[in-house]
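Visitor: any chance you could fold what I've pasted below:
(2 chains)
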Protein chains: 2
Amino acid sequence: MAEGSLAGFASLEELLEEYVPADKLQQAKRVIYGLNVGEPVGELQLDAGVQERAKVMDFDLRSALFRAAPEQMRPPRVVRIGLIQNKIVLPTTAPFAAQAKAIRDRVGQMLDTAGQAGVKVVCLQEAWHMPFAFCTREKVWCEFAESAETGESVAFCQAAARRWSMVVVCPILERDCAHNDTVWNTAVVIGHNGNIIGKHRKNHIPRVGDFNESTYYMEGNTGHPVFETAFGKIAVNICYGRHHPMNWQAFGMNGAELVFNPAATVGDLSEPLWPVEARNAAIANSYFVAGINRVGTESFPREFTSGDGKPAHKDFGHFYGSSYVAAPDGSRGPSLARHRDGLMVADLDLNLCRQTKDKWGFQMTARYDMYADFFAKFVKPDFKPQVIRDPAL
Amino acid sequence: MAEGSLAGFASLEELLEEYVPADKLQQAKRVIYGLNVGEPVGELQLDAGVQERAKVMDFDLRSALFRAAPEQMRPPRVVRIGLIQNKIVLPTTAPFAAQAKAIRDRVGQMLDTAGQAGVKVVCLQEAWHMPFAFCTREKVWCEFAESAETGESVAFCQAAARRWSMVVVCPILERDCAHNDTVWNTAVVIGHNGNIIGKHRKNHIPRVGDFNESTYYMEGNTGHPVFETAFGKIAVNICYGRHHPMNWQAFGMNGAELVFNPAATVGDLSEPLWPVEARNAAIANSYFVAGINRVGTESFPREFTSGDGKPAHKDFGHFYGSSYVAAPDGSRGPSLARHRDGLMVADLDLNLCRQTKDKWGFQMTARYDMYADFFAKFVKPDFKPQVIRDPAL
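Guide: Alright, predicted model coming up:
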């Protein structure tokens, strides 16, 4: 289905709310969003100034409230998080520095709104500071890569972190100068004091459709770090890593309570997978997942091909936004828009993670030792699959 | 949300079709069911006799058609599968033998309809031959357990297999007489000639809500077998195993192209998870998944408690049916009803599995060696999680 016929389709929520009567709507939402588990996902009361900024600056603003049961031995641990999705601002033919500055200016508006809204941990989309130009296979776009320690986009996020005492997850195209100018796809985690806590490099690199990223950078070498911030233990599963259940699981095994999935993915390829994978990861690992997808359609100066037998073309397809938060109990919040920049603000009571572990017992029943044995066998060249053949064949 | 208010809610499909206009419906279905990936999931033309049987015998009958692209080097490999969900027939106070016979008679109607419809591989629900009595903690229900080789329910399925030259997956409560009368939760795989190809025992046993199964049987000792049948390579992930991503993955690593998930699960606990997990497993492992859930509300002679602080009660809650098929490309078929017995008939072109592997490359990019190392470390008592702490804390 071409994006053209979907241009008027803002989100599934809006469509259902327009047509389905209120009493039936509750039943539909229950199945689609998991609203019978625990308390229904609510909305936050954001102050009028925040709402006014979103209106004036023309970006989508939505919210979600995830509750946990009261405990006797622990106070609630509510953290307010923010998800920011953004289009590029200037055409890809503009001078690179001008493109980068225009994106920073735009994202700065939403970062400051997040700070104003009381957000304590915010995450931007994958390679937010540049067009997603890897489809072109042209190496000139590597000029956008920057140091994870001293890069301009990172410094920009450090300033926002200091301004609002807010943890900022800043996914960039990284230039690793200390290792021979190697390029990586990296998320820099910036503490609420503006200090760099650490970085994580994308573990799984796609070779699908226009996602020609493996021409630019290799699989990450940073393992599955969990960053212990002032507001909780977080991890970052960058884009294509969301298709890999073990990747999600390893972040959980290292203790993550909230995993961001900054992404850049297009409608024709992955849109039906988008509501499934983050939510399944939240369920299977008893943690919160926040998926952030790029938004907008990006065109490039020269034609390129996708290896799909279709004619060469200049655009990547539509990045469909639709950023959302999924909870360990199976519930999820609303999506940001498919066509607009946006800021999602969500309150999460992190106590829901351990409560869900205690309720469902997925960790206790996981039989990790059995899988450790199986994997050790599987990776050997002489692995024989366990197949029982019908002797009648 | 109590089942009472949902009694009129047959399925999400019916609700959407009633209220959402046709052009918008397509957009909603695209997001909910993945209908833009490949060809839309279609319906089969089942012959009038089959439809008449479903009407007369009062069970839900639905279908799905999953296509794959034509290949030059391989013919299509279309297999017609069947999923059967059933209520118990007599009250749980009736004599056990009468209860079992009444269920067999009822399931036999649907098995024969499946055969008449040309189904080549059919799967029944978990412990289909008995009430799901484990909630009671009473050991008297172990009388329903039977030999996986010579049990009455197995023999009944072998006869159906021979009658229709149809592979039958028969999930039972197993009595392992050769090992000191041990009880297991087991799926017996019966070949199209009526021979027993092998069996698989449930790998992960729940300790959640009324699912008190761990009192009756232990974690399975049969690994992750794939059964090579006349109609494809299949595996069985029994019930709670669907919450374990590695379990799904191990069946895929052993070569499964179709994994059945025979289950017995109730609305208040798991209904929002049900549309997510099977579908995610199909996507992540590039195979088809067919989820079959028990249907109906079962009451028991004596009150029991759920460990949830609520008063003792006699019923397990509502098993919500909703059996469906999910495809490797992210699409899915419709659900069977929430309140009725049902037969789903689906044509799957198994070529879609390898086509999806080639397209998305999840296997190639999985980095199994990294996870084998990580798991080996994780299972050691001195495992230290990879945590990077903000030095400012």
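Visitor: ranges for the helices of the stretch 201-350 of chain A?
Guide: Assigned by DSSP state H, counting those that start in this stretch, the stretch 201-350 of chain A shows helices spanning A:245-253, A:267-270, A:274-285.
Visitor: ah, wrong one, I meant the stretch 51-200 of chain A
Guide: A:96-116, A:152-164.
Visitor: for chain B, see how far away A:Ser63 is.
Guide: 20 Å (Cβ to the nearest Cβ, to the nearest Å). In this view, the C-beta of every residue, glycine as well, is placed from N, C-alpha and C.
Visitor: columns mean neighbour count, mean pLDDT and distance to chain B on top of the helices of the stretch 201-350 of chain A, output as JSON lines?
Guide: Formatted as JSON lines, the helices of the stretch 201-350 of chain A follow (neighbours: other Cβ atoms under 10 Å in any protein chain shown; pLDDT from 0 to 100; distance: least, Cβ to the nearest Cβ, whole Å):
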{"stretch": "helix A:245-253", "mean neighbour count": "25", "mean pLDDT": "98", "distance to chain B": "4"}
{"stretch": "helix A:267-270", "mean neighbour count": "20", "mean pLDDT": "83", "distance to chain B": "7"}
{"stretch": "helix A:274-285", "mean neighbour count": "27", "mean pLDDT": "96", "distance to chain B": "4"}
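Visitor: distance to A:Gln27 added to those, as a markdown table?
Guide: Formatted as a markdown table, those follow (distance: least, Cβ to Cβ, whole Å):
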| stretch | distance to A:Gln27 |
| --- | --- |
| helix A:245-253 | 30 |
| helix A:267-270 | 28 |
| helix A:274-285 | 18 |
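Visitor: of the helices of the stretch 51-200 of chain A, which is nearest chain B?
Guide: helix A:152-164 (11.1 Å; Cβ to the nearest Cβ).
Visitor: neighbouring contacts of the closest one?
Guide: With Cβ atoms under 8 Å, 6 or more residues apart in numbering or on different chains as the test, helix A:152-164 has contacts from A:100, A:104, A:108, A:111-112, A:114-116, A:119, A:124, A:128-129, A:146-148, A:166-168, A:170, A:172, A:188, A:190-196.
Visitor: equivalent analysis for stretch A:49-57, please.
Guide: For stretch A:49-57, using Cβ under 8 Å, 6+ apart, the contacting residues are A:60-61, A:109-110, A:113, A:116-117, A:343.
Visitor: which of the residues you listed sit farthest apart?
Guide: Across those, the longest distance by Cβ to Cβ is 16.2 Å; it joins A:Asp60 and A:Gln116.
Visitor: who has more neighbours out of these two?
Guide: Neighbours around A:Asp60 and A:Gln116, counted as other Cβ atoms under 10 Å in any protein chain shown, are more numerous at A:Asp60. The numbers are 22 against 14.
Visitor: that one is in contact with A:Asp341, isn't it?
Guide: Yes - A:Asp60 lies in contact with A:Asp341 (Cβ atoms under 8 Å); the separation is 6.8 Å.
Visitor: got a list of what A:Val121 touches?
Guide: A:79-82, A:166-167, A:169, A:229, A:231-232, A:234, A:258.
Visitor: of the residues you listed, which is the most crowded?
Guide: Of those, with other Cβ under 10 Å as the count, A:Gly82 tops at 29 neighbours.
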